[in-house]
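K.L.:
No letters, just coordinates:
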């Protein structure tokens, strides 16, 4: 991510663009002078909205995503409802997921087992792949975290 940002900000925006006849950063400065910059009211919610998501049902033992259980007491009202909720996750850190609360805000929902280390989705996939190669047909949370460790 850092490499990508540095290449966009450090190289692409600084070089003369064929179609613009100037560096993109200069075009941005000229264009943005006339208009105020619009910033999201809730930057965190804006960020979470762009994260990948899946629908899940809240169960008594929490949300299940990628064979990992998540829980927060704020999920209790969803147990009664039995409707699925949209669960947003950051592939770079699966230690918590995000669920939109009743009043519209995103709730942080951590691992049910708070002693687990943060892992990425790529580490998770590599662990599951390694377990399958070792002949494991059923993969559970304990095995995933042990394999990543």
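P.N.:
Thanks, I have the structure now. The shown structure was predicted, so the numbers you read here are calculated from the model rather than taken from an experiment.
K.L.:
where along this structure do the helices fall?
P.N.:
Secondary structure of the chain (DSSP state H): helices located at 2-6, 24-33, 43-49, 76-81, 121-133, 141-148.
K.L.:
Dig out what the nearest residue to residue 84 once chain neighbours are set aside forms beta bridges with.
P.N.:
Nearest residue to residue 84, sequence neighbours excluded (CB to CB, 6 or more residues apart in numbering): residue 55, at 4.3 Å. For glycine as for every other residue, the C-beta is placed from the backbone atoms N, C-alpha and C. With DSSP bridges applied, residue 55 shows beta-bridge pairing to residue 86.
K.L.:
need the helices of the chain in JSON lines with mean pLDDT and distance to residue 62, can you?
P.N.:
Converted to JSON lines, the helices of the chain look like this (pLDDT from 0 to 100; distance: least, CB to CB, whole Å):
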{"stretch": "helix 2-6", "mean pLDDT": "89", "distance to residue 62": "33"}
{"stretch": "helix 24-33", "mean pLDDT": "89", "distance to residue 62": "45"}
{"stretch": "helix 43-49", "mean pLDDT": "94", "distance to residue 62": "19"}
{"stretch": "helix 76-81", "mean pLDDT": "86", "distance to residue 62": "10"}
{"stretch": "helix 121-133", "mean pLDDT": "95", "distance to residue 62": "17"}
{"stretch": "helix 141-148", "mean pLDDT": "95", "distance to residue 62": "11"}
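K.L.:
quick one: the residue nearest to residue 84 and residue 142, what's the gap?
P.N.:
Residue 55 sits 25 Å away from residue 142, going by CB to CB, to the nearest Å.
K.L.:
what does residue 32 give?
P.N.:
52 Å.
K.L.:
Residue 54 now?
P.N.:
Residue 54 sits 22 Å away from residue 142, going by CB to CB.
K.L.:
Between these two, which has more neighbouring residues?
P.N.:
Using other CB atoms under 10 Å as the criterion, residue 54 and residue 142 rank with residue 54 on top: 14 against 11.
K.L.:
wait, what's in contact with the more buried one?
P.N.:
65, 86-87, 89 (CB atoms under 8 Å, 6 or more residues apart in numbering).
K.L.:
since we're on residue 116, how many residues are nearby?
P.N.:
Residue 116, neighbours per other CB under 10 Å, totals 19.
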